[in-house]
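Peer 1: Structure here, sequence nowhere to be found:
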């Protein structure tokens, strides 16, 4: 919904003439003449818009202001274009900083955060660590089940040292032995 659609009725105040004033044709007092700058009832008030100036216009205004030599010329220039002295101050500061490109319109609001080039790699590695952790937990669960099964069957599984030694030598995994 736009502001115009959300318009709420406001009471209209009328100035009442003093009792000594002559009444109107119908016996009532007439409202006073509207003040200059007052909006008529039928006019809708639009939302204010922020002005934007092109970089070329800014450069031109700074150059014209710098060319002014007589007292009051800069003020006349500003009034002619509907500008404030703060506009010139800011545009001159940008010019002195060498930010002529900065004289263009600046985007308002929060600046976007720069993308970290390592963020994608970090996210990939985190996913891989999670996957491998899940796999290791599953393998540990299987080993626990194997130990319980071997215990029920009365067999002894090879120790970790025996398994590492067999792997180091390239031998097959030693089979389970019967418990003594």
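Peer 2: Structure received. In this text, all values refer to a predicted model and were calculated from it rather than measured experimentally.
Peer 1: Now do the strands for this protein: every range, in order, please.
Peer 2: 155-156, 177-178 (DSSP state E).
Peer 1: Least reliable of the ones you listed by average pLDDT, please.
Peer 2: When the strands of the chain are compared by mean pLDDT, strand 177-178 comes last with a mean of 78.
Peer 1: which residues touch the nearest residue to residue 84 once chain neighbours are set aside?
Peer 2: Nearest residue to residue 84 in three dimensions, chain neighbours excluded: residue 78, at 6.8 Å (CB to CB, 6 or more residues apart in numbering). No exception for glycine: its C-beta is placed from N, CA and C like everyone else's. Residues in contact with residue 78 (CB atoms under 8 Å, 6 or more residues apart in numbering) are 65, 84, 85, 87, 88.
Peer 1: Please identify the pairing partners of the worst-scoring helix or strand of the chain on mean pLDDT and their relative orientation?
Peer 2: In the chain, no helix or strand scores lower on mean pLDDT, DSSP states H and E than strand 177-178, which sits at a mean of 78. Paired neighbours of strand 177-178 in the sheet (DSSP bridges): strand 155-156 (antiparallel).
Peer 1: Give me the distance between the closest residue to residue 177 other than its chain neighbours and residue 118.
Peer 2: Of all residues beyond its chain neighbours, the one nearest residue 177 is residue 156 (5.0 Å), with distances taken as CB to CB, 6+ apart. According to CB to CB, to the nearest Å, residue 156 stands 49 Å off from residue 118.
Peer 1: which of those two has more neighbours?
Peer 2: Comparing residue 156 with residue 118 by other CB atoms under 10 Å, the one with more neighbours is residue 156, at 13 against 9.
Peer 1: And this protein, what are its domain boundaries?
Peer 2: 55-103, 142-180 (automatic domain parsing).
Peer 1: quick one: average pLDDT of the longest one?
Peer 2: For domain 55-103, mean pLDDT is 86.
Peer 1: returning to what we had before: so which of the strands of the chain is the most packed in?
Peer 2: strand 155-156 (a mean of 14; mean count of other CB atoms under 10 Å).
Peer 1: chain center to the least confident helix or strand of the chain, what's the gap?
Peer 2: Relative to its chain's centre, strand 177-178 lies at 68 Å (CA atoms, centre = their mean, to the nearest Å).
Peer 1: Contacts for it next, please.
Peer 2: So strand 177-178 is contacted by 154, 155, 156, 158 (CB under 8 Å, 6+ apart).
Peer 1: do you know how far the residue positioned nearest the centre of the chain is from residue 117?
Peer 2: For the chain, residue 110 is the residue whose C-alpha lies nearest the centre (CA atoms, centre = their mean; 4.7 Å). Using CB to CB, residue 110 is found at 21 Å from residue 117.
Peer 1: what's the answer for residue 91, then?
Peer 2: According to CB to CB, residue 91 and residue 117 sit 36 Å apart.
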